[in-house]
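[1] What would the 3D arrangement of this be:
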Amino acid sequence: MKRILTVISFAFLMVACGESKKAKNPQLEARETISTLEKLLLDAADGFNDSAATQITKAYLRYAEAYPTDSISPDYMFKAADVMRGQFRWNDAVTVLEALVKKYPKDPRVPSALFFAGFMLHNDLNQNEKARPYLERLIAEHPEHPMSADARMLLETMHMSPEELIDHLEKKNGIAQ
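    Below you'll find the predicted structure:
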């Protein structure tokens, strides 16, 4: 009887150890899923794969939500916004960029996030007054960042018609008409 209990105990121990080896780290699994989806998105021979794009934005955002302290989470949020822009989901992209700026104010992608949020609001959504605070914040908080110059130019020209913009740029660059 003692021997049977020992064998049963050993069997339970082996099963338990085997199951722990099978169980993967959920964070690692999430990264592997993202990597697979990125390859699927990039390898699309027929052009943009909207289904893969939607899946990867969800995976990026789920990861960032589940692992907010992981250094890759702000990068995933930025990538999610970029993919959303490619899907013409500009409002969603701006929302994700806003969240990135709020959650990770010291992240090096913040100046780019501010610029792209302002740019999409201006260029893609024609919402200049909503774009202005993002661009102004970029200039105020990151005056030396290369995108600050682009933000200044955008603020200077956002009210212009295409014809006025061409005229303005020609004058600014000394191009004779």
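[2] Mind giving me the packing neighbours of the helix or strand residue 28 falls within?
    If you go by DSSP states H and E, residue 28 is part of helix 26-42. Using 3 or more Cβ pairs under 8 Å, 6 or more residues apart in numbering; DSSP states H and E as the contact criterion, the secondary-structure elements in contact with helix 26-42 are helix 50-66. Where C-beta positions appear, they are placed from N, C-alpha and C, glycine not excepted.
[3] quick one on the thing from earlier: what residues of the helix holding residue 28 count as buried?
    Counting neighbours by 16 or more other Cβ atoms under 10 Å, one finds that the buried residues in helix 26-42 are 30-31, 34, 37-38, 41.
[4] Give the rounded mean pLDDT of it.
    The average pLDDT for helix 26-42 rounds to 89.
[5] any idea which residue sits dead centre in the chain?
    The centroid of the chain falls nearest to residue 78 when counting by Cα atoms, centre = their mean (1.9 Å).
[6] hang on, the earlier thing: distance from the helix holding residue 28 to the middle of the chain?
    In terms of Cα atoms, centre = their mean, to the nearest Å, the centre of helix 26-42 is set 15 Å apart from its chain centre.
[7] Residues contacting that helix, please?
    For helix 26-42, the external contacting residues (Cβ atoms under 8 Å, 6 or more residues apart in numbering) are 49, 52-53, 55-56, 59-60, 62-63, 66-67, 70, 72, 76, 83.
[8] on that earlier part again, save the buried residues of helix 26-42 as JSON lines, and put in distance to residue 95 too.
    Formatted as JSON lines, the entries for the buried residues of helix 26-42 read as follows, by distance: Cβ to Cβ, whole Å:
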{"residue": "30", "distance to residue 95": "21"}
{"residue": "31", "distance to residue 95": "24"}
{"residue": "34", "distance to residue 95": "20"}
{"residue": "37", "distance to residue 95": "21"}
{"residue": "38", "distance to residue 95": "22"}
{"residue": "41", "distance to residue 95": "21"}
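[9] for those residues, which one is nearest residue 98?
    Within these, the smallest distance to residue 98 is 21.9 Å, found for residue 34 (Cβ to Cβ).
[10] Would you agree residue 135 is in contact with residue 120?
    No - the pair residue 135 and residue 120 fails to qualify as a contact (Cβ atoms under 8 Å) at a distance of 11.5 Å.
[11] which of the contacts of helix 26-42 lies closest to residue 126?
    Comparing these against residue 126 with Cβ to Cβ places residue 83 closest, at 22.0 Å.
[12] Which of the residues in the strand or helix carrying the closest one are classified as buried?
    Element membership for residue 83 (DSSP H and E) is helix 73-86. Residues of helix 73-86 classed as buried: 73-85 (neighbour count, 16+ other Cβ under 10 Å).
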